[in-house]
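*Asks:* Kindly generate the corresponding structure for this input.
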Amino acid sequence: MFHRINNLLKQPYPFDYRPRAIFNHSLSIGLFIFLFLFIFQPFELQPVNESLLTKTLVYLGYGMITFIVSFLYHFLLPLLFPQIIRQEQVQIKYEILFSIGILFIIGIANAIYHNSLYPEHTILKSILYFQYFTFTIGFFPIILFLMLDVIMKQRRNLIDASKMNSEIRKQVIDKDSNSQIITLTSDNEKESMTIPTDKLLYIKSAGNYVTVYFNQNGKIHFELLRTPIKRIQSLLIDYPHILRCHRMYIINLQNINSVVGDSQGYQISLKDTSETIPVSRGYLKPFRQAVDQI
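*Replies:* The predicted structure follows:
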């Protein structure tokens, strides 16, 4: 049992740290807090003998503070913990720790806000109460949502992967008639390589270099070019079946063997190689569309 839980906690969690996604996520948390307080009106937080409008504005303040704290917290996390928070590698155990951290900070911020409105209690008493209140309301829903989100995304991606595998098996591609010769060059254009498109397997980035993997006479070969992957991507823009699927990878869709879905997205198995290529969140939609159009 402990081993299974440990494996679950080490699984990647598909949290999207792009600013727009953080904004939407934080807004939903702030709205939840406002609606919860407005509907249930906890006695300890309820402004006594005040109008419904005043109560609503006070509860809206709690929601706004929650939104602001959540947005800043998630926006700064990748800057503070770059080795832990990579968009493709955030583990569930870290996401739980980050959730505890944000509950703690939200509790402090709302305690200060409450104490500024109703200073009948000491700031320490307000902070202790709001820590209890925030964790009581937020901890279990957050953990439940996290687990359900992983399960739902994994289920959806598994279904999508199954459909794509079915389409891939149906497709019969005459590679000889579709093959073209492409030329890839380095930054200074002093180094170059030419390769038929049907022989290209994938391209992997490593900083300012890329490694081009290809099939030649039934064996896997590779060549190194000094150029960033973004430049290589621009050179291949006229080849719709050669697609960037990750910040580190470009793949040839003609050589896909199978697609496996997980909570993060898809894992691609290519023909003639044991390398597994991930498809990250930002490339899920164009990847699905490209497979459909092969």
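
*Asks:* contacts, neighbours, all on C-alpha from now
*Replies:* OK.

*Asks:* which stretches of the stretch 151-294 of the chain form helices?
*Replies:* For the stretch 151-294 of the chain, the helices defined by DSSP state H, counting those that start in this stretch cover 175-178, 229-235, 284-293.

*Asks:* Distance from the chain centre to the longest one, please.
*Replies:* What that stands for is helix 284-293. How far helix 284-293 lies from its chain's middle: 18 Å, per Cα atoms, centre = their mean, to the nearest Å.

*Asks:* same check, this time on stretch 105-124
*Replies:* Centroid displacement of stretch 105-124 relative to its chain, using Cα atoms, centre = their mean, is 34 Å.

*Asks:* mind listing what's buried in that stretch?
*Replies:* Across stretch 105-124, burial judged by 16 or more other Cα atoms under 10 Å covers Ile105, Ile106, Gly107, Ile108, Ala109, Asn110, Ala111, Ile112, Tyr113, His114, Asn115, Ile123.

*Asks:* of the residues you listed, closest to Gln131?
*Replies:* Gly107 (4.9 Å; Cα to Cα).

*Asks:* Show the pLDDT at that closest one.
*Replies:* With respect to pLDDT, Gly107 scores 92.

*Asks:* got it, and Leu97?
*Replies:* With respect to pLDDT, Leu97 scores 84.

*Asks:* Quick check: Thr183 vs Leu270, distance?
*Replies:* 22 Å (Cα to Cα, to the nearest Å).

*Asks:* more crowded one of those two?
*Replies:* Between Thr183 and Leu270, counting by other Cα atoms under 10 Å, Leu270 is the more crowded of the two (21 against 13).

*Asks:* That one pairs with what?
*Replies:* On the basis of DSSP bridges, Leu270 is bridged to Ile256.

*Asks:* wait, it sits on Gln254?
*Replies:* No. Using Cα atoms under 8 Å, Leu270 is not in contact with Gln254, being 9.1 Å away.

*Asks:* check contacts around the spatially closest residue to Gln216 that is not a sequence neighbour.
*Replies:* The shortest distance from Gln216 to any non-neighbouring residue, by Cα to Cα, 6 or more residues apart in numbering, is to Lys199 (6.9 Å). By Cα atoms under 8 Å, 6 or more residues apart in numbering, the contact set of Lys199 is Phe214, Asn215, Gln216.

*Asks:* My read is that Ser186 contacts Asn208, right?
*Replies:* No. Applying Cα under 8 Å as the test, Ser186 and Asn208 come out as separate, 10.0 Å apart.
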